[in-house]
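Trainee: from the sequence below, what's the structure:
(one chain, ligands or ions: 1)
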Amino acid sequence: MPSALITGVTGQDGQHLSELLLSKGYEVWGLVRGHSADRIQAYRQEFPDVHLVEGDLTDLGSLIRAVEVAQPDEVYNLGSLSFVALSFRQPEATADVTGLGPLRLLEAIRLSEQPGVRFYQASSSEMFGKVRETPQSESTAFYPRSPYGTAKAFAHHSCVNYRESYDMWISCGILFNHEGPRRGSEFVTRKVSRGVARIALGLDTHLTLGSLEPRRDWGYAGDYVNAMWLMLQQEQPHDYVIATGEAHSVRDLVVTALQSAGLEPDVERYVRFDKSLLRPAEVDFLVGDASRARDELGWAPSVDFVGLVDMMVQHDLRLAASSRD
Ligand code: NAP
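Mentor: Now for the predicted structure:
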């Protein structure tokens, strides 16, 4: 039975990946920080078969112990401070967890001298930032526009450097935005699906957002964790862009969500603008070219933009209705 260690196991992707690896017969280990008993408890209830090991990406000793205990064949490094807006308010913490964290984990694996461990790094399309070309592929230069993006770029380059310096088996997935009902409520897609569900049920009259103009390439998280796994099953490690190849604005997102909830797609009526939600530097337009993943991994997304938004809105309608009753 292969074994895998997942950092960030309580997050959106960590949950999807736990589900996928358990269904494939893996022994799954999840790294959890000690600080959030509620989050760990909720995770434990959903995934009683996953072994939890305590550790923090800011603490090398705990990572060395986690690798020793789990003895993984595959390590998926999903742990990060992943909310771009927060990274502007906590740049140093973001650099520590999201940038240096992967470097510490690579060191923990290198020092463990366990031969053949395969490592997946959760790189991000936010590294492209102020884009140098459209669409963005594995060869597009990085121009990050946030402390989150710069931290991810550092981690990505560190992974490439460890692969080349120590012959370690490391693949980075440069994933474009991916969402679903497990998305944290601070992210714009979930904010919109929850907000629209509450309006539809008469619990709110509007939702509050920053700019409606940024365009993103949004896919479904369930599809994207499958790409992570496929990357680690290849003969050679490589970096891959994972994206749908289609971009939509935040305004499109709101319109589609309102339609999914059976409301008039009247954005001016339902959305209030709050300029405090604008970022010091914005990423205007991201869209990915996932040709390499399609050709080498045989990967393709199964859920399109409308299907994704509908899945999230219908989930949040059920959730809001049950909490109202
Ligand atoms: P998420 O829901 O925000 O989950 C982040 C996870 O990181 C949580 O489990 C959190 O654990 C953990 N974490 C935070 N600080 C940590 C620390 N100091 N040590 C160990 N773990 C820590 O993120 P996600 O959406 O699942 O994304 C997974 C990964 O892919 C992240 O690295 C993210 O940056 C990257 N990514 C995501 C997207 C996307 O659209 N979702 C796109 C590209 C890349 P707690 O429960 O303890 O807080």
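
Trainee: CA only for contacts and neighbour counts going forward, please
Mentor: Fine.

Trainee: ok, residue 25 touching residue 1?
Mentor: Yes. Contact criterion Cα atoms under 8 Å: residue 25 and residue 1 qualify, at 6.6 Å.

Trainee: more neighbours: which of those two?
Mentor: Just comparing residue 25 and residue 1: by other Cα atoms under 10 Å the higher neighbour count belongs to residue 25, 11 against 8.

Trainee: ok, that one - contacts?
Mentor: 1-2 (Cα atoms under 8 Å, 6 or more residues apart in numbering).

Trainee: could you report the pLDDT at whatever residue of the stretch 201-325 of the chain ends up closest to the ligand?
Mentor: As assessed by Cα to the nearest ligand atom, the ligand sits closest to residue 221 within the stretch 201-325 of the chain, at 7.0 Å. Note for residue 221: predicted pLDDT of 98.

Trainee: just checking, it touches residue 175?
Mentor: No. Here residue 221 lies out of contact with residue 175, judged by Cα under 8 Å, at a distance of 9.9 Å.

Trainee: who in this structure is up against the ligand?
Mentor: By the rule Cα under 6 Å from any ligand atom, the part of the chain lying against the ligand is 7-14, 32-33, 39, 56-58, 78-82, 97, 122-124, 175-178, 184.

Trainee: circling back to that earlier point, which residues do residue 221 and residue 175 both contact?
Mentor: In contact with both residue 221 and residue 175: no residue, using Cα under 8 Å, 6+ apart.

Trainee: now the end-to-end length of stretch 251-268.
Mentor: For stretch 251-268, the first-to-last residue distance is 10 Å (Cα to Cα, to the nearest Å).

Trainee: equivalent analysis for stretch 87-95, please.
Mentor: Termini of stretch 87-95 sit 9 Å apart (Cα to Cα).

Trainee: same question, stretch 106-122
Mentor: 13 Å.

Trainee: returning to that earlier point: narrow the residues of the chain next to the ligand to those in helices?
Mentor: Residues of those located in helices (DSSP state H): 12-14, 39.

Trainee: and the residues you listed, which is closest to residue 267?
Mentor: Minimum distance to residue 267 across these is 27.9 Å, recorded for residue 12 (Cα to Cα).
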